[in-house]
Structure formats: C-alpha cells, structure tokens
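S.K.: When you get a sec, could you give me coordinates for this:
(one chain, ligands or ions: 2)
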Amino acid sequence: MSELHQPTDQHGRDEAPPKVAYVLPVYNESENIGAFHSALVRATEARGDLEFEFIYVNDGSRDDSLAKLLELRDADTRVSVLSFSRNCGHQIAVTAGLDAATDADAVIVMDTDLQDPPRVSMEMISMWEDGVDVVYAQRRTRKDSVFKRTTAYGFYWLLDRLADIKIPRNVGDFRLMDRKVVAEVSRYREHERFLRGIVAHVGFRQEALLFDRDPRYAGKSGYPLRKMIAFAANGILGFSTAPLRWISRLGYVISFLSLLLAVYVLGVRLFVPEQAVPGWAFLGVGMFALSGLQLIMMGVIGSYLGRVYVEVQDRPLYSLALAARGERAGVRSLPRTPRTEPPAGATRRDGAS
Ligand code: UDP
Ligand code: MG
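M.R.: Ligands and ions are numbered 1, 2, ... in the order given. I've put the predicted structure just below:
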C-alpha cells in the first residue's frame, strides 16, 4: 500500500483503517438488491483491513426497493439509505451518493443490477492503493443489444469530435474515485449532469481497468431510449458549444451558394436570355442570400449565448492537485482572531447574547 492513502495522525500512529464508500443508485431493483448486496459483501470480505460503507440511493423506485434497502440497513450497520421523493435520474442519484460520502477515502460508484461485478471493484481498490486517483472500468465485452452498442458507438464518436475533453470509450459510471477527485467533482453543480464527462474534466491520474460486463441479473433496464437520448444530449451540450457555432458555418455555406446562383442567373440572362424566367433571379438569389445572412447572424447570437452558457454553468476554473507554497505564503491572509473578549453587554447581531 502506498503511503499516499495511508492515513496516520500527526504523531504517526495509525488511525482508523481507510474507508471505502460504495455509491449504489437503485431504481426498481427489488429483484436484484438482495443478490447484489450479498455478492458485494462477499467480495469485500477479502479486505478486512478496510472499512466499508454502502450508500444506497433509492431514486424514486415504484416497486418495494426501498423496503428491501431498509431491511438491509437493519441487518448491516455499514448500509446507509437515501431515498428521493421522486425519480430524479441515475446521474442525480449518484451525485447525492457522492455528496453523502464526504468522509470516505475512496468512493466506488456501481450499478445495482449486477452488471458491474463486485469483484472488479476490489481490483479497483488495489489500483487506488498503488496511487491511481480514478480507476474507471472499461468494458472489454458487453452483453447489450446491437442497438445499444451501435447507438453508444455513434454517440461517443460524435462526442469525441465535439467536446473539449477526451472521454474514454466503453466506459460507464462504474469507477473508483479518490477523495480529492470526489471533492472536485462535487464542485460541479450543473443540473443537467453528465458525470463521466465531469470526471474526465477534473483531471488527476486516471487509469482504465478492463472487465467483462455481465447481463442484467433480473428486471429491466431503467434507461429507455428517451432517457438515453436526454443523457447523450447532456454529454454533448454540457461539454461543447460547437453546435451553436455551426449555425454560422451553415450560414456561410448558404451565402456562398447564393453567390454561385447569382453568377448562374447572370450567365443565363447574358447568354441564353430566352430561357430566363422573369423575377426568378431576384427571388432565388434573394432567398438564399437572406437566409444565409440570417443564419450567420443567428450564429453570432449563438456565440454570445455559448459564452453565457459557460458562465452560467459556473464550473470551477481549475482543480489543484498540489499547492506547495513557500513558508511565508499566506501569512498576511490568515484570518484575524480577536485578541480580547467583546465588551461586556455587547449583543450579537443575530440576537443571541
Ligand atoms: N437507475 C437510477 N435511476 C434511473 C435509472 C436507473 O438510479 O432513473 C440505476 C439503476 O437502478 C442501476 C443503474 O442506475 O443501478 C443503471 O441503470 P440500468 O441498469 O437501468 O441502465 P443500463 O445498465 O441498462 O444502461
Ligand atoms: Mg444495467
């Protein structure tokens, strides 16, 4: 184990063992929860030197998933259960789990339908102990439908072209994150979330772990086509303002076409005047020229809108991996502590005295 993650107190004594929290989103997984939890517990038993917490987030399930989760909690004190008042979506459920895992040294996010094998998470832990900050599980094989595979391929191809960040292919949300990565990810509070993009955006040392994705244990996918499209749109719109700039480009193309048309019309008029339809030149060229101009102007508005969008997202400007400042740095900025007690009888602003 690297000393990087070995917590010791100021005196070098060993503190509590490192804590690994699992963030486990649940949406209508009643038939899976029992089998999943026992598989997870069995896998984690190998690591008696670590402390585990299992944070289940019930994302407004309509079946009796919540009751099952509360049963788990009664039987195992390491289980925590959060439950949403309605279905907010997988990405929000994972976010809530990350928010609740602030005291863990590492957090593992995984699905609760046994598609992400618990034993793979143990390999993630060993890579983390070797100093990797983000271990993302990359699918060597996947047992999804041809439709899901092709749409996923097309989506990542497009995202690769558009987005400002490199998002690895065949990677879902099954990953381990060191606490410092979780802290950074938590600073991204956008509502339309694309977590794997955010994690890629944050940086730090990220490595892949290849695994074979299993089929769903029971039940059906909570990601119908509608949710998949919204999710893909979040990935592209959240990490690229390129579509806005395309409006202008299209405008330039159409304007150029109108120029070609004008030349053609002029040619017809000069060389074969008997074929020229009266009024056609004005309408044809005018239509192309005007719509080209309009698109260019919309693109200009789009560029400003893109900037407003980026500002509204209000993402952190940077994520520090290290700040090794000189000894005297920041001396002046230390908060001033009052040296004397406030005068007797002074009341505090908030009314409490
Ligand atoms: N999930 C969720 N909220 C949703 C949909 C899914 O929390 O609205 C959970 C679900 O319980 C599972 C994980 O997210 O643990 C992945 O969902 P699913 O297996 O349905 O997606 P797929 O594997 O088919 O992409
Ligand atoms: Mg699944």
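
S.K.: How about the residues of the stretch 1-150 of the chain by ligand 2?
M.R.: Contact residues (C-beta under 5 Å from the ion) of the stretch 1-150 of the chain with ligand 2: 111, 113, 115. The C-beta positions use only the backbone N, C-alpha and C, and glycine is treated the same way.

S.K.: how about the residue in the stretch 151-300 of the chain that ligand 2 sits nearest to, what does it touch?
M.R.: At 5.2 Å from ligand 2, residue 216 is the closest residue in the stretch 151-300 of the chain, using C-beta to the ion. Residues near residue 216 by C-beta atoms under 8 Å, 6 or more residues apart in numbering: 32, 113-115.

S.K.: Wasn't residue 329 part of a helix?
M.R.: No. With DSSP: H, G, I helix; E, B strand; the rest coil as the criterion, residue 329 is located in coil rather than a helix.

S.K.: The chain against ligand 1: which residues are in contact?
M.R.: 25-27, 29, 59, 87, 89-90, 93, 111-113, 115, 221-223 (C-beta under 6 Å from any ligand atom).

S.K.: how does it look with 8 Å?
M.R.: Within the chain, the positions near ligand 1 by C-beta under 8 Å from any ligand atom are 24-29, 32, 57, 59-61, 87-90, 93-94, 110-113, 115, 144, 148, 172-173, 216, 220-223, 227-228.

S.K.: Cross the residues you listed against strands and list the overlap.
M.R.: 24-26, 57, 172-173 (DSSP state E).

S.K.: Can you lay out the contacts of residue 216 as TSV showing pLDDT?
M.R.: As requested, the contacts of residue 216 are exported to TSV (pLDDT from 0 to 100):
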residue	pLDDT
32	92
113	91
114	90
115	89
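
S.K.: circling back: state the pLDDT value of the residue of the stretch 151-300 of the chain closest to ligand 2.
M.R.: Residue 216 is assigned 80 on the pLDDT scale.

S.K.: again with residue 157
M.R.: Taking residue 157 on its own, its pLDDT is 86.

S.K.: Begin at 305 from now on, thanks
M.R.: Sure, I'll start numbering at 305, so the last one becomes residue 461.

S.K.: what's it in contact with, if anything?
M.R.: Contacts of residue 461 by C-beta under 8 Å, 6+ apart: none found.

S.K.: buried sites along the helix or strand hosting it?
M.R.: Per DSSP states H and E: residue 461 is located in helix 450-466. Residues 455-456, 459-460, 463, 466 are the ones in helix 450-466 that count as buried (16 or more other C-beta atoms under 10 Å).

S.K.: Distance to residue 511 added to the residues you listed, as a markdown table?
M.R.: Listed next are the buried residues of helix 450-466 as a markdown table, based on distance: C-beta to C-beta, whole Å:
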| residue | distance to residue 511 |
| --- | --- |
| 455 | 27 |
| 456 | 21 |
| 459 | 23 |
| 460 | 19 |
| 463 | 21 |
| 466 | 25 |
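
S.K.: which one of those residues sits closest to residue 573?
M.R.: Nearest to residue 573 out of these is residue 466 (C-beta to C-beta; 43.4 Å).
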